[in-house]
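A predicted structure for the sequence below; I have some questions about it.
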Amino acid sequence: MTARVLIAEDDEKQAELVRRYLEREGHTVVVVGDGRAALEQVRQHPPELLILDVMMPKVDGLDVCRILRRESDLPVLMLTARATEDDLLLGLDLGADDYMTKPYSPRELVARVRTLLRRSQRTTRAADPVLRVGDLHVDPIRHEVRVDGRRVDCTPGEFQLLQAMAAQPGRAFTRDQLLGHLHGFDKYITGRTVDVHVMNLRRKIEPNPRKPVRLLTVYGVGYKLAEVNHHAA
């Protein structure tokens with residue numbers, strides 16, 4: 001299970017150590033050094049989990065947690081040098097999902113991250129209709145597509161095809177099967193319509209449309225959405 005993890009920690013050496021451990025687990029890691037940058041990052045490029053130091057410049061971790069809890073259910077693992085019971089209870093009362101005191105074992109932190117992500121994924125599957133394939137998110141309720149946190153505008157036809165493939169990543173769809181997902185369109189559409197939608201989608205979701213890594217051609221069959229995204233060099 002891999003995820004996009006945001007580390008908000010002003011101690012550069014500590015942040016670098018945690019980043020290396022998490023990247024070994026396959027996670028994509030972003031590091032910021034103050035609370036204001038953490039809030040901006042969460043809002044612009046939502047991670048799957050936030051590792052949040054309490055003592056930070058500009059906006060401290062407690063205020064960051066308080067603000068984020070009004071906006072989202074993002075899992076938060078709070079780090080602090082304060083080890084009193086009152087400090088722990090305050091962090092949990094503000095909405096932190098877990099709490100570790102410094103100094104801590106990086107291996108234990110990675111294990112806690114793994115547990116929080118599993119818990120979050122179970123909750124998401126039960127309550128959240130968003131289809132997630134790596135860093136590609138398709139939201140059928142809001143009719144939104146995001147790639148690495150960036151919103152992508154799609155036509156109704158493009159959205160319907162992408163939604164169908166995101167629901168079954170790795171499955172190869174024939175053009176006829178994909179045509180069956182184009183509800184409410186002119187009855188004279190053809191397989192060429194699917195090709196045009198795929199070409200346009202690649203321009204929007206691929207790092208390099210000429211060398212797709214997400215929306216792949218299955219020669220002799222049709223198309224599929226890759227189960228794991230590999231960023232193009």
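Ah, there it is.

Do you have the helices of this protein handy? List them.
Remark: helices assigned in the chain by DSSP state H are 12-24, 35-44, 61-69, 85-93, 106-127, 156-167, 175-179, 191-205.

Mind telling me which of those the model trusts least?
Between the helices of the chain, the lowest average pLDDT goes to helix 85-93, which shows a mean of 63.

picking up where we left off before, can I get the helices of the chain in JSON lines including mean neighbour count?
All C-beta spots, glycine's among them, are computed from the backbone N, C-alpha and C. Below are the helices of the chain laid out as JSON lines (neighbours: other CB atoms under 10 Å):
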{"stretch": "helix 12-24", "mean neighbour count": "15"}
{"stretch": "helix 35-44", "mean neighbour count": "18"}
{"stretch": "helix 61-69", "mean neighbour count": "20"}
{"stretch": "helix 85-93", "mean neighbour count": "14"}
{"stretch": "helix 106-127", "mean neighbour count": "14"}
{"stretch": "helix 156-167", "mean neighbour count": "20"}
{"stretch": "helix 175-179", "mean neighbour count": "16"}
{"stretch": "helix 191-205", "mean neighbour count": "17"}
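
tell me the domain boundaries of the chain?
The record's domain split for the chain, according to automatic domain parsing, is 4-127, 131-225.

want to throw the helices of the chain into TSV with distance to H143?
Listed next are the helices of the chain as TSV, based on distance: least, CB to CB, whole Å:
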stretch	distance to H143
helix 12-24	33
helix 35-44	20
helix 61-69	25
helix 85-93	36
helix 106-127	19
helix 156-167	6
helix 175-179	18
helix 191-205	15
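
And these: which comes nearest V145?
Closest approach to V145 among these (CB to CB): helix 156-167, 6.4 Å.

Output that closest one as CSV, nothing but the C-alphas.
Extracted C-alpha coordinates of helix 156-167, given in CSV (Å, rounded to 0.1, in the frame of the first residue of the first chain):
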residue,chain,number,x,y,z
PRO,A,156,-18.9,14.1,-20.4
GLY,A,157,-17.7,11.4,-22.8
GLU,A,158,-14.1,11.5,-21.6
PHE,A,159,-15.3,11.3,-18.0
GLN,A,160,-17.5,8.3,-18.6
LEU,A,161,-14.7,6.3,-20.3
LEU,A,162,-12.2,7.2,-17.6
GLN,A,163,-14.7,6.3,-14.8
ALA,A,164,-15.3,2.9,-16.4
MET,A,165,-11.6,2.1,-16.6
ALA,A,166,-10.8,3.5,-13.2
ALA,A,167,-13.4,1.2,-11.7
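
Distance from the chain centre to that helix, please.
In terms of CA atoms, centre = their mean, to the nearest Å, the centre of helix 156-167 is found 18 Å from the chain centre.
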